[in-house]
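S.K.: Let's see this in three dimensions:
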Amino acid sequence: MSINVHSHAFAGNPLLSKFSFSGHPLPPSSALEALNAKIGLPNTHSYPSLSFKVLPFKNGRLLASSEASSPPIWHLGWLGLDDLRVIFDKSGAQLSVDSLVYLNSSAEDDAVYWAIDVSAEVIELGSKTGLRFVELRTLMVATDWSDLQAMGSLAIAGHAKALLEWHNVSRFCGHCGEKTVPMEAGRRKQCSNGSCKKRIYPRVDPVVIMLVIDRENDRALLAKRPMRLHRLYTCLSALGSIAW
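M.R.: The predicted structure follows:
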């Protein structure tokens, strides 16, 4: 399998404006308005042409499918909003606007992309055969890094997982302890305490990543943890913190 050493495994998200060449993305406020119309009201006249695609996660694993080929080719398990609502109804769960996190939009297919954490729900996929929840690292190892489309899908999945994990660990205000509520289609959170109203944004952890090379012998030093997948080797890395 060939590897493009100039690209990171989770870089190059095609839904982000920096990498998108299909026009300006839909602002979070407009995306949320369209979602409210689709879920809460039978009438969707505000954005009739938009399609909604949702990527579910369960216990940190994302929904994906694979083709019966060698090696197997996998795809993200995007569900339509109507399909997701049917699955929730059959499982006795309630689909709410606040449970969805906005990823971005694409003018190429006139779609709005969302992610949702269904860890707390008993979700049955029913007739959606071939779909299952898998570890993101498993997909990373199985991805052909020379396939730009597959790498873009991997970046979208990494972005979605990071946002959902941040939502999970920021359910309460670090200043007063009250519950937080999602704002701007899940792009930020805010304390529900009227006297606090602290705004909370996704955190960014600074890291140092290095590749130790032996120029004379054309070699590189990689590391592997004992509990990691047998094919997974990484560069040397560490978190950077002002407290260290």
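S.K.: helices or strands up against the longest helix seen in the chain?
M.R.: Assignment by DSSP state H gives helix 148-169 as the longest helix of the chain. Helices and strands touching helix 148-169, by 3 or more CB pairs under 8 Å, 6 or more residues apart in numbering; DSSP states H and E, are strand 51-58, strand 61-67, strand 73-76, strand 100-106, strand 111-117, helix 136-142. Quick note: C-beta positions are derived from backbone N, CA and C, even for glycine.
S.K.: domain parsing for this structure?
M.R.: Structural domains annotated on the chain: 1-169, 171-204, 205-244, as defined by automatic domain parsing.
S.K.: what mean pLDDT does the longest one have?
M.R.: What it means is domain 1-169. For domain 1-169, the mean pLDDT works out to 80.
S.K.: where's residue 72 relative to residue 227, distance?
M.R.: Separation of residue 72 from residue 227 (CB to CB, to the nearest Å) stands at 24 Å.
S.K.: Look up the pLDDT of the most far-flung residue of the chain relative to its centre for me, please.
M.R.: Centroid-distance maximum for the chain: residue 216 at 40.6 Å, with CA atoms, centre = their mean. In the prediction, the pLDDT value recorded for residue 216 is 92.
S.K.: cool, the one 5 residues further on as well?
M.R.: Note on residue 221: pLDDT of 93.
S.K.: rewinding a little: of the domains of the chain, flag the one that's most buried.
M.R.: Comparing the domains of the chain by mean neighbour count (mean count of other CB atoms under 10 Å), domain 1-169 ranks first with a mean of 16.
S.K.: And for the residue nearest to the spatial centre of the chain, nearest residue in space, chain neighbours not counted?
M.R.: Centroid-nearest residue in the chain, with CA atoms, centre = their mean: residue 160, separated by 1.2 Å. Excluding its sequence neighbours, the residue lying closest to residue 160 (CB to CB, 6 or more residues apart in numbering) is residue 115, at 3.8 Å.
S.K.: same deal with residue 13?
M.R.: residue 155 (4.0 Å).
S.K.: what do you get for residue 101?
M.R.: Nearest residue to residue 101 in three dimensions, chain neighbours excluded: residue 186, at 3.5 Å (CB to CB, 6+ apart).
S.K.: wait, what's in contact with the one you found?
M.R.: 28, 98, 100, 101, 102, 163, 167 (CB atoms under 8 Å, 6 or more residues apart in numbering).
S.K.: per-residue confidence for it?
M.R.: Residue 186 is assigned 93 on the pLDDT scale.
S.K.: How much space separates it from residue 153?
M.R.: Distance check for residue 186 against residue 153: by CB to CB, it reads 20 Å.
S.K.: just residue 188 next, same as before
M.R.: Computed as CB to CB, the residue 188 to residue 153 distance reads 26 Å.
S.K.: Then residue 116?
M.R.: For residue 116, the distance to residue 153 - CB to CB - is 17 Å.
S.K.: same question, residue 144
M.R.: For residue 144, the distance to residue 153 equals 11 Å [CB to CB].
S.K.: next one: residue 84
M.R.: Taken as CB to CB, the span from residue 84 to residue 153 is 19 Å.
S.K.: Ok, residue 50 next?
M.R.: For residue 50, the distance to residue 153 - CB to CB - is 21 Å.
S.K.: Please apply the same query to residue 94.
M.R.: According to CB to CB, residue 94 stands 29 Å off from residue 153.
S.K.: what's the longest helix of the chain in contact with?
M.R.: 4, 7, 9-16, 19, 55, 57, 60, 62, 73-76, 101, 103, 113, 115-117, 136, 139-140, 143-145, 182, 186, 189, 202-203.
S.K.: didn't residue 219 look like it was pressed against residue 213?
M.R.: Yes: using CB atoms under 8 Å, residue 219 is in contact with residue 213, at 7.1 Å.
S.K.: shared neighbours, those two?
M.R.: The contact lists of residue 219 and residue 213 share no entry, where a contact means CB under 8 Å, 6+ apart.
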